[in-house]
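> can't give you the sequence, but here's the structure:
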């Protein structure tokens, strides 16, 4: 029970922080919902494109978990500080190309795929939300450092303050004197993320005296890129398949796009729990290895996977029982609620797989294996999920529901591959001691 308590102790603030991050997206969705289905779909489609390059970049920075947690396990504070600064340097380097990709490629993709009304709404959100990318990546860097070094609460507190900030800014920019509509939601998000980054940097400077930066270390930045890039690719593949599905469903009209957007956000909301458990697992496995305790690393990994699977099974039962009520939280449009209620059933079905693949991926990350989850997402989503979804959607005429069948099949394939890799590596660690 001691390991479970430690996992929960670390995962709880991470879960609250993840819920806060997701809450910011949901707040955008709910507040523009007053403008109609096209606005909901616009924010959803814009977000779908935005988060592919954004999470790719953030995923690279997730490599800090391994280096900082191992240094923390050795109680080497100077090394922890060193890796923080290499992450900050890297976040600044990759911000500009990511912003450029969003602002240039995003509107082009929207105009190529969607009706003029939907394209205009999505493009407006994309352009204004891209301004906050540097803040998003700096905040991610400092948050990962704090989590891996055993101090996750500051990032959580700042995130919750950001939730309150974005509500006020949304009212101002969407409905206030500027009346910017969907573009105002993107601008509110950018301003909030910039303020969050500044707040967390201010806290770090006050607590640790990080005014004097550590020197640039090119070789270590390359190490961070090498370890983190597979994580970034994994996240991009995962978000990318949902974005592709969003684009394809968007061609069925505003109601289908809005229903899919609602359900995608529900899925994202439930994903915050295994995502937090994944981060906690990576940190605890990494610390155990850093201190030389391989047996504890293996034990923590298995217990975390079991905990995540159990909690997500409960989550699935709750969604299956109250899908229509959940959909009604986002919109009053009867057509959107009816379709979203059907799609939420599929979200309920894949909760267990989400728990296995996410927490299992965190355990592998703690071991330093970031490629297995990347390959699992490539094969599971793109070799299984997309073809199955296409068949059910277009060949069997199931429409939007067909693609969610494909996503469910793909997620279970990812879970099987990740779990098999963890079993192999855990046995290897065990055999190494005998």
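It's in. Keep in mind that this is a model prediction, so the values were computed, not measured.
> alpha carbons only for contacts and neighbour counts from here, please
Noted.
> all helices of the stretch 51-200 of the chain, in order?
Residue ranges of the helices in the stretch 51-200 of the chain, as given by DSSP state H, counting those that start in this stretch, are 64-73, 77-113, 116-130, 133-148, 153-170, 182-208.
> Could you find the closest non-adjacent residue to residue 255?
residue 336 (5.6 Å; C-alpha to C-alpha, 6 or more residues apart in numbering).
> distance of the one you found from residue 33?
Distance, residue 336 to residue 33, by C-alpha to C-alpha, to the nearest Å: 12 Å.
> check contacts around the residue positioned nearest the centre of the chain.
What sits nearest the mean C-alpha location of the chain, by C-alpha atoms, centre = their mean, is residue 55, with 6.7 Å. Neighbouring residues of residue 55 by C-alpha atoms under 8 Å, 6 or more residues apart in numbering: 232, 235, 236.
> rerun that using 10 Å as the cut-off
61-62, 137, 231-240 (C-alpha atoms under 10 Å, 6 or more residues apart in numbering).
> Comparing the helices of the stretch 51-200 of the chain, which comes out most buried?
Highest mean neighbour count of the helices of the stretch 51-200 of the chain: helix 64-73, a mean of 27 (counted as mean count of other C-alpha atoms under 10 Å).
> got any residues that touch both of residue 336 and residue 33?
258, 330.
> which residues of the stretch 301-434 of the chain score low on pLDDT?
428-434 (pLDDT under 70).
> In it, mark out all the helices, start to finish.
Along the stretch 301-434 of the chain, the stretches classed as helices by DSSP H, counting those that start in this stretch are 334-349, 351-367, 371-377, 386-390, 400-433.
> Please identify the deepest-packed of the ones you listed.
helix 351-367 (a mean of 29).
> tell me the angle of that helix relative to helix 400-433?
Angle, helix 351-367 to helix 400-433, by axes from the mean of the first three to the mean of the last three C-alpha atoms, to 10 degrees: 40 degrees.
> follow-up on the earlier one: and of the helices of the stretch 51-200 of the chain, who's closest to residue 248?
helix 77-113 (8.3 Å; C-alpha to C-alpha).
> Assess the claim that residue 14 and residue 160 are in contact.
No. Assessed by C-alpha atoms under 10 Å, residue 14 is found out of contact with residue 160, at 11.6 Å.
> Quickly list what's touching both of the two.
What both residue 14 and residue 160 touch, as defined by C-alpha under 10 Å, 6+ apart, is the set residue 20.
> Phi and psi next, for residue 216.
In terms of degrees, to the nearest 10, the main-chain angles of residue 216 are phi -60, psi 130.
> for residue 177, same thing?
phi -50, psi -40.
> show me the contacts for it.
Here residue 177 is in contact with residue 171 (C-alpha under 10 Å, 6+ apart).
> quick one: it and residue 168, what's the gap?
Residue 177 is 13 Å from residue 168, by C-alpha to C-alpha.
> Which helix or which strand is home to residue 16?
helix 2-32 (DSSP states H and E).
> Buried ones in that helix, by neighbour count?
7-8, 10-29, 31-32 (16 or more other C-alpha atoms under 10 Å).
> just to revisit the earlier point, could I get the contacts of residue 55 in JSON lines, plus columns for secondary structure?
Formatted as JSON lines, the contacts of residue 55 follow (DSSP: H, G, I helix; E, B strand; the rest coil):
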{"residue": "61", "secondary structure": "helix"}
{"residue": "62", "secondary structure": "coil"}
{"residue": "137", "secondary structure": "helix"}
{"residue": "231", "secondary structure": "helix"}
{"residue": "232", "secondary structure": "helix"}
{"residue": "233", "secondary structure": "helix"}
{"residue": "234", "secondary structure": "helix"}
{"residue": "235", "secondary structure": "helix"}
{"residue": "236", "secondary structure": "helix"}
{"residue": "237", "secondary structure": "helix"}
{"residue": "238", "secondary structure": "helix"}
{"residue": "239", "secondary structure": "helix"}
{"residue": "240", "secondary structure": "helix"}
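> Please pick the buried ones from those residues.
61-62, 137, 231-240.
> Pull the contacting residues for the residue nearest to residue 255.
Residue 336 neighbours (C-alpha under 10 Å, 6+ apart): 37, 254-262, 327-328, 330.
> ok, and the most crowded of those residues?
Highest neighbour count within these: residue 258, with 34 neighbours (other C-alpha atoms under 10 Å).
> Quick check: closest non-adjacent residue to that one.
Closest to residue 258 by C-alpha to C-alpha, 6+ apart is residue 41, at 4.7 Å.
> and residue 378, how far is that from residue 344?
Distance of residue 378 to residue 344, computed by C-alpha to C-alpha: 24 Å.
> and if you look at residue 321?
With C-alpha to C-alpha as the criterion, residue 321 and residue 344 are 10 Å apart.
> shouldn't residue 355 be in contact with residue 348?
No. The pair formed by residue 355 and residue 348 falls short of the contact definition of C-alpha under 10 Å, at 11.9 Å.
> Quick check: neighbours shared by those two?
Common contacts of residue 355 and residue 348 (C-alpha under 10 Å, 6+ apart): 270, 312, 313.
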